[in-house]
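Engineer: Here is the input, now give the coordinates:
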Amino acid sequence: MFSGLVREIAKVRALENNILRLESTYTPQIGDSIAVNGMCLTVIALHSDGFSLEISKHSAQSVAMENYTKCVHIEPALRADSRLDGHFVQGHIDSIGTVTAINPHANQTLFTIAADEPTLQLAIPQGSITIDGISLTISSVQRDSFTLTLIPHTMQNTLFASYRVGRRVNIETDVLVRSVAHILAKMSNAESMRAFAANALNTKPKPSWSELDDIALRY
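Structural biologist: Coordinates of the predicted model:
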């Protein structure tokens, strides 16, 4: 579990055979969990100037791997006695978004990020979302994108100042919103199943056992 507050910007020394080697002042232990651009990875080796982590094939296919070549955000897993200044972050990337607009506004910077429909359904105005491992607040949600408002502190202490239109980013939606949506979807499916079964049982002739099995398999 993470908070979405970057501990350090680490330099990528190498990425070969799904082994990511980072140069960092932070010293973890073998087996520790580290979020790298929001992706939870396990430390497998220590070096004099940093550490190495292994990226699974599934993870490599689910994140914007082109951003693991120069510098990355890193955050160690939360301790039980840690402060939670961001929000609960699992380190599981839900989707990849694309920066479509960057607009300075007064002392803030607005980032618009295009995302797929399942991600946008979980995006709530004034709710939390994680972009490349950073806990941020959603300002507004549009038909095919959402907008973030970044303060100067965030711009100065993360890689966002280097982002350009067209950059792909890792997205993790709020686990609390995701959990509620999952429960509501299951309740809706269960209600549909009851209605379908009731309608089938009230028809003449009565359905056979094989037809009842088919009803169960549909849900």
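Engineer: so Val72 bridges to which residues?
Structural biologist: Beta-bridge partners for Val72, by DSSP bridges, are Ala10.
Engineer: Show the model's pLDDT score for it.
Structural biologist: Looking at Val72, its pLDDT is 98.
Engineer: Ile30 reaches Ile44, doesn't it?
Structural biologist: Yes: the criterion here is C-beta atoms under 8 Å, and Ile30 meets it with Ile44 at 6.8 Å. Where you see a C-beta, it was placed from the backbone N, CA and C, and this is true even at glycine.
Engineer: of these two, who's got more company?
Structural biologist: A count of neighbours by other C-beta atoms under 10 Å puts Ile44 above the other of Ile30 and Ile44, at 14 against 11.
Engineer: Can you tell me the closest non-neighbouring residue to the more buried one?
Structural biologist: Glu54 (5.1 Å; C-beta to C-beta, 6 or more residues apart in numbering).
Engineer: tally of neighbours for that neighbour?
Structural biologist: For Glu54, the count of nearby residues is 14 (other C-beta under 10 Å).
Engineer: hey, what's it bridged with?
Structural biologist: Going by DSSP bridges, Glu54 is paired in beta bridges with Ile19, Thr42.
Engineer: In contact with it, which residues?
Structural biologist: For Glu54, the contact set (C-beta atoms under 8 Å, 6 or more residues apart in numbering) comprises Asn18, Ile19, Leu20, Leu41, Thr42, Ile44.
Engineer: Out of those, flag the one nearest to Glu117.
Structural biologist: Leu41 (28.2 Å; C-beta to C-beta).
Engineer: Averaged pLDDT, the longest strand anywhere in the chain. What do you get?
Structural biologist: Counting by DSSP state E, the longest strand found in the chain is strand 95-105. Per-residue pLDDT over strand 95-105 has a mean of 96.
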